[in-house]
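*Asks:* For reference, the sequence and a predicted model appear below.
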Amino acid sequence: MIAGAMGGALAAPLFTGSAAAANPVKVGMMLTTSGVFASSGDIMSRSARLYLKHDAPAILGDHAIELIERDDTGPNPDIAKRLATELITRDRVNFIGGLQWTPNTNAIAPVLTSGRTPGVVMNATGAVTTRLSPYLVRFSQTLWQSCYYMGAWAARNGMQKAYALVTDFSPGHDAEAAFHLGFTESGGEVIEQVRMPIRNPDFTPFLQRVLDAGPDALFCFNPGGPQATTFMRAYAELGLRDRGIRLIGSGYLTSDEELPNMGAAADGVLTSHFYSAAGDRPANRRFADLWQAEYGDVLWNELAIGTWDGMAAICRAVADTNGADDPDAVIESLKSFQTADSPRGSVRIDPETRDIIQNIYIREVRMVDGVPQNIEFETFRDVKDPWKERNPA
């Protein structure tokens with residue numbers, strides 16, 4: 001895939017559905033496909049195309065979908081606003097999907113509202129995001145869903161003092177607050193909370209401070225990808241595990257596609273998340289087979305699953321509304337989405353909040369035949385966003 005410069009178009013449009021469809025439904029995909037986080041956007045693009053190839057035709061009937069991809073270059077709200085405006089006014093898209101970054105998604109919320117364009121959130125995790133526009137519906141998670149339950153589980157399982165280390169942007173702030181509440185409500189004590197820069201962080205001095213503090217557990221959130229591997233290696237090299245400091249965090253900390261790069265350094269790390277590539281579910285085994293047949297050794301992670309389910313909802317909305325010409329009818333369809341056949345398990349959208357209800361899994365990295373895998377071993381079922389439950393609109 002060839003990335004355009006500074007928010008340009010990516011790759012060739014993809015059509016699916018009836019070849020005779022004269023007016024395809026247009027789906028703008030705002031993804032990061034350049035820079036340090038480029039691999040995440042590539043995973044999402046691949047997943048969207050995989051869904052359109054294998055599952056969409058049976059839903060779409062005589063309708064067709066055209067993907068129009070744009071590179072937001074990372075967490076850049078100003079670029080995101082420009083791209084969203086262009087997609088709506090120039091390309092006349094029916095949907096904007098992708099939406100990897102919370103700052104970007106929050107920034108384009110007024111653009112979606114004024115343009116009456118449904119936004120399908122396939123990754124951005126900020127709890128407040130769906131309240132910023134009635135045209136936003138989320139198919140990924142909020143970090144409150146995973147991190148609140150990570151805190152509660154850790155405190156109930158022998159970790160009494162924790163140190164929190166998060167990346168300093170809005171998802172990190174959500175992760176910090178959610179973990180703190182879950183941990184302290186269950187009897188734990190957070191002895192310190194520290195934030196790290198999002199770009200090019202040097203993790204060593206931050207981890208040295210943790211080592212000096214000597215907590216039972218270090219809770220960490222970072223955006224995943226190569227940063228997570230760099231963090232994991234620093235944790236191992238500084239000897240925090242040897243000092244009895246358990247590493248726990250959100251699922252991005254041990255993102256599936258980075259586990260081979262982490263190797264044994266990740267062994268024993270505990271995370272909470274809505275998905276694991278190693279999850280033993282029929283729908284997940286099918287997804288893995290489809291992915292590997294299409295892309296070979298290229299690995300995937302939770303971003304692929306938020307995209308997969310988001311594309312399923314888009315296709316159903318196109319079918320439900322006979323072409324997605326009425327954005328308000330589209331939103332009603334998206335709000336009613338539910339499936340028992342997601343690779344992550346059963347999911348549905350809460351029509352009151354336009355946010356996802358799903359299982360949250362406690363996972364441990366274990367070496368399986370010499371390969372690290374996120375093994376799910378405990379499940380919190382049908383989890384709503386805890387932040388919205390505590391802060392009703």
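*Replies:* Received it, and whenever you're ready, just let me know what you need.
*Asks:* Ile349 should be in a strand, yeah?
*Replies:* Yes. Counting by DSSP: H, G, I helix; E, B strand; the rest coil, Ile349 falls inside a strand.
*Asks:* what number of residues lie near the residue nearest to it when sequence neighbours are not counted?
*Replies:* If the residues on either side of it in the chain are set aside, Ile349 comes closest to Phe337, at 4.8 Å by CB to CB, 6 or more residues apart in numbering. For the C-beta atoms, the positions are set from N, CA and C on the backbone; glycine is no exception. When counting by other CB atoms under 10 Å, one arrives at 22 neighbours for Phe337.
*Asks:* Gly239 now?
*Replies:* Neighbours around Gly239, by other CB under 10 Å: 11.
*Asks:* Can you tell me which residue is spatially central in the protein?
*Replies:* For the chain, the residue sitting closest to the mean C-alpha position, by CA atoms, centre = their mean, is Asn123 at 3.4 Å.
*Asks:* you'd agree that one is in a helix?
*Replies:* No. Per three-state DSSP, Asn123 lies outside any helix segment and is coil.
*Asks:* how much space between it and Leu303?
*Replies:* Asn123 sits 5 Å away from Leu303, taking CB to CB, to the nearest Å as the criterion.
*Asks:* didn't the residue nearest to the centre of the chain look like it was pressed against Gly97?
*Replies:* No. At 10.0 Å, Asn123 does not count as touching Gly97 under the criterion of CB atoms under 8 Å.
*Asks:* any shared contact partners between Asn123 and Leu303?
*Replies:* Residues touching both Asn123 and Leu303 (CB atoms under 8 Å, 6 or more residues apart in numbering): Ser40, Met44, Gln100, Ser140.
*Asks:* Regarding the protein, what is its longest helix?
*Replies:* helix 302-320 (DSSP state H).
*Asks:* Which is the succeeding secondary structure element to that one?
*Replies:* Per DSSP states H and E, the first helix or strand lying C-terminal to helix 302-320 is helix 327-335.
*Asks:* Can you list the buried residues in that next one?
*Replies:* For helix 327-335, a neighbour-count test (16 or more other CB atoms under 10 Å) marks Pro327, Val330, Ile331, Ser333, Leu334, Lys335 as buried.
*Asks:* next one: stretch 368-378
*Replies:* Going by neighbour count (16+ other CB under 10 Å), the buried part of stretch 368-378 is Pro372, Gln373, Asn374, Ile375, Glu376.
*Asks:* Show me the strands in the stretch 201-350 of the chain, by range?
*Replies:* Using DSSP state E, counting those that start in this stretch, the strands of the stretch 201-350 of the chain run over residues 217-221, 246-250, 270-273, 338-342, 345-350.
*Asks:* Can I get those in TSV including mean neighbour count, distance to Glu294 and mean pLDDT?
*Replies:* Listed next are these as TSV, based on neighbours: other CB atoms under 10 Å; distance: least, CB to CB, whole Å; pLDDT from 0 to 100:
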stretch	mean neighbour count	distance to Glu294	mean pLDDT
strand 217-221	28	31	98
strand 246-250	26	28	98
strand 270-273	27	24	98
strand 338-342	15	18	97
strand 345-350	19	23	98
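*Asks:* picking that back up, which one of the buried residues of stretch 368-378 is nearest Asn76?
*Replies:* Distance to Asn76 across the buried residues of stretch 368-378 (CB to CB) is lowest for Asn374, with 29.8 Å.
*Asks:* ok, Lys331 - contacts?
*Replies:* Let me fix one detail, which is that residue 331 is Ile and not Lys. By CB under 8 Å, 6+ apart, Ile331 lies in contact with Pro118, Pro134, Tyr135, Val137, Arg354.
*Asks:* go on, Leu240?
*Replies:* Leu207, Val210, Leu211, Leu218, Leu247.
*Asks:* could I get stretch 108-120 in CSV with only the CA atoms?
*Replies:* Taking C-alpha atoms only, stretch 108-120 is exported to CSV below (Å, rounded to 0.1, in the frame of the first residue of the first chain):
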residue,chain,number,x,y,z
ILE,A,108,-14.3,16.1,13.6
ALA,A,109,-17.5,15.6,15.7
PRO,A,110,-18.9,19.0,14.8
VAL,A,111,-18.1,18.4,11.1
LEU,A,112,-20.1,15.2,11.2
THR,A,113,-23.0,16.9,12.9
SER,A,114,-23.1,19.8,10.5
GLY,A,115,-22.7,17.5,7.5
ARG,A,116,-25.2,14.9,8.9
THR,A,117,-22.6,12.2,8.2
PRO,A,118,-22.5,9.0,10.2
GLY,A,119,-19.1,8.4,11.9
VAL,A,120,-18.3,4.7,12.6
